[in-house]
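Novice: Build the 3D model from these lines:
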Amino acid sequence: MTSVPPPSFSSAKVYLVGAGLGPVAYLTQRAIAVLAGAEVLIYDALVAPDVFDLLPSDCERIFVGKRGGQPSTPQDKINQLLVNHYRRGKRVVRLKSGDPWIFGRIVPELEILVAYHCAYEIIPGISSAIASAGLVGIPLTAKDTGSGFLVMDGHDPHGWPWHALAQLPTLVILMGTKNLPLLVDKLLQAGKSPSTPMAIIRNAGRPEQQTWGGTLADMVEKTQGQSLAPAVIVIGNVVNQRIIPVLTPLPLAQKTILVTRAADQASQFTELLQQQGANVLAMAALEIVPPTDWQPLDQAIAKLEDFDWLILTSANGVEFFFQRLQHHGLDSRALAGLKLAVVGKKTSQSLEKFGIKPDFIPPDFIADALVEHFPQSPAGLKILFPRVESGGRAKLVQELKQKQALVTEVPAYQSACPAHMPEEVWQSILNRNVDVITFASSKTVTHFRQLLAQTSQAKGYQDDWRCLINHCQIASIGPQTSERCLQELGQVDIEATEYTLEGLTGAIIDYVHQDS
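Specialist: Numbering: from 1, shown residues only. The predicted structure is shown next:
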């Protein structure tokens, strides 16, 4: 990974950031940029898991709750956390649901930052008060029926002037589902017509988004026994002007796909699948960390002029190799006498971040084609191959050596298995809610099997762990990963013909289409 300059006090700042509706799709560009440089994240509930993919791998994460009816960190302690981390010279992101200015408790945090002379920046977010109605087709303002609306907090219905509120055309109530019967009763007693339309929008902007429609007279009965929070309540005639678009179902709609990936991997694959309608669960099945010993790579970097070719077969190899170059005060100019070969579109894209275009990319983006299509005879060539510490690409190295190439293999990083399977993933597998499990590398297959077996034993699951996934389709990015799926899991149902994340997405769509 690219090295980040060490924090200095001059770079210290507290960012009060609105997370919008939760998922990355509803973050502002400024919020995304700030999260990418965060050193400390202090976050509330309702932040979607894919937001964490935007953070640097070494960012410290501190959960402070802030969910109605559940335990949360006291506000004065949150204030102190902001000041303490700022004084340590850190870039601190205080991530809040929705918009910080709308029920975001921003005032006490701003006051403490000002009192202690902390540099800060406020980054607005998309409030659920407005976005929820829009996402289900309800116009909060409309000619004749909606000349304005009031946003209110439903925590304490006793403190509002209900006779005045009953005269308003549209009410938008946040955090009110717990008091729904009382809110409805207050409006009816104040003279609001029982036939007044209303809607409750739960989990707006998320795959599990749900909407209930009704009136003041029947909404309590319609939602009896339902889990409503977190939700936004809209009351007024604008609800009757709701426009529900007729949409062609997306190809992966109603499919839940488990994506296994590296812990600090970007959310590109998740985004590709979500664009096709999938509900995506992300699970870290790899932790990419520095090698046990930098010395072999350092020695190779010191003698770069002795090599003819540099081969990079993964984005991780690119990131760690260039991180080490920078550690020695070098940059891409140190490679001026080398030719570069890369395997994979993603590897090539990682290289482009450093302003370099490879001299050779094998067809089909796979290592097996590299030697066969190598642009010159490998005989006598001195080739540097930074790779994962455990080895990998043994066939590629063997074939190069058979053709008399002089290959120097050096560990540039290592991949470890995470300690635990996320509880959300375990519950989804246990409840048979997962339709497809995807693998983009052989290592993720092995680590997934280890984690599933380990978790099922720890949870007291009585049957063989394989029973947990025998209803799932196993999707692989290419032949080598498929081979590992067969060895470790006993099956592979989907294999990409183009060995990229886009290719794997397309293969899943084709399989689902054929199966339907």
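Novice: Quick check: the residue nearest to residue 255 when sequence neighbours are not counted vs residue 410, distance?
Specialist: Counting by CB to CB, 6 or more residues apart in numbering, residue 435 is the residue found nearest to residue 255 once chain neighbours are left out, at 4.7 Å. Glycine gets a C-beta too; all of them are placed from N, C-alpha and C. Distance of residue 435 to residue 410, given as CB to CB, to the nearest Å: 41 Å.
Novice: just to revisit the earlier point, OK, contacts around the residue nearest to residue 255?
Specialist: Each residue near residue 435 by CB atoms under 8 Å, 6 or more residues apart in numbering is listed here: 255-257, 472-473.
Novice: could those residues be laid out in TSV, adding pLDDT and distance to residue 60?
Specialist: Output for those, formatted as TSV (pLDDT from 0 to 100; distance: CB to CB, whole Å):
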residue	pLDDT	distance to residue 60
255	91	35
256	92	31
257	94	30
472	96	35
473	97	37
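Novice: Just the ones of those residues in strands?
Specialist: Secondary structure from DSSP state E places 256-257, 473 of those in strands.
Novice: Tell me the one of those residues nearest residue 143?
Specialist: The shortest approach to residue 143 among these belongs to residue 256, at 41.2 Å (CB to CB).
Novice: thinking again about what came up before, among the ones in strands among the contacts of residue 435, which one sits closest to residue 427?
Specialist: For those, the nearest to residue 427 is residue 256 (11.9 Å; CB to CB).
Novice: could you measure the residue lying closest to residue 53 once chain neighbours are set aside against residue 32, distance?
Specialist: Distances taken as CB to CB, 6+ apart put residue 267 closest to residue 53, at 4.1 Å, once the chain neighbours are dropped. Distance from residue 267 to residue 32, counting by CB to CB: 11 Å.
Novice: before we move on, what about residue 302?
Specialist: Per CB to CB, residue 302 is found 38 Å from residue 32.
Novice: ok, and what's touching stretch 451-461?
Specialist: By CB under 8 Å, 6+ apart, the list of residues contacting stretch 451-461 from outside reads 285, 417-418, 420-421, 426, 429-430, 465, 468-469.
Novice: And the contacts of residue 435, which is closest to residue 329?
Specialist: Nearest to residue 329 among the contacts of residue 435 is residue 257, at 43.7 Å by CB to CB.
Novice: so what's that closest one bridging to?
Specialist: Residue 257 has the following beta-bridge partners by DSSP bridges: residue 280, residue 436.
Novice: right, and it touches residue 279 too?
Specialist: Yes - using CB atoms under 8 Å, residue 257 makes contact with residue 279 at a distance of 7.2 Å.
Novice: out of these two, which sits in the more crowded spot?
Specialist: With neighbours defined as other CB atoms under 10 Å, residue 257 and residue 279 compare such that residue 257 has more, 25 against 19.
Novice: Who are the contact partners of that one?
Specialist: 273, 278-281, 434-438, 508.
Novice: ok, and the most crowded of the contacts of residue 435?
Specialist: Counting neighbours by other CB under 10 Å, residue 257 leads the contacts of residue 435 with 25 neighbours.
Novice: Tell me where the stretch 251-400 of the chain has strands.
Specialist: Using DSSP state E, counting those that start in this stretch, the strands found in the stretch 251-400 of the chain span residues 256-262, 279-289, 309-312, 339-342, 382-388.
Novice: Quick one: closest of the ones you listed to residue 319.
Specialist: Go through the strands of the stretch 251-400 of the chain one by one with CB to CB and the one that ends up closest to residue 319 is strand 279-289, at 8.4 Å.
Novice: same for that closest one, what does it pack against?
Specialist: Judged by 3 or more CB pairs under 8 Å, 6 or more residues apart in numbering; DSSP states H and E, the packing partners of strand 279-289 are strand 256-262, helix 268-275, strand 406-416, helix 423-430, helix 442-458.
Novice: quick one, phi psi at the residue lying farthest from the centre of the chain?
Specialist: Distance from the C-alpha centroid of the chain, by CA atoms, centre = their mean, peaks at residue 191 (46.7 Å). With angles defined as degrees, to the nearest 10, residue 191 sits at phi 100, psi 0.
Novice: Could I get the contacting residues of it?
Specialist: Contacts for residue 191 (CB under 8 Å, 6+ apart) come out as 163, 166.
Novice: pLDDT weak spots in this protein?
Specialist: The chain contains residues with pLDDT under 70 at 1-10, 66-71, 245-247, 263-266, 364-368, 516.
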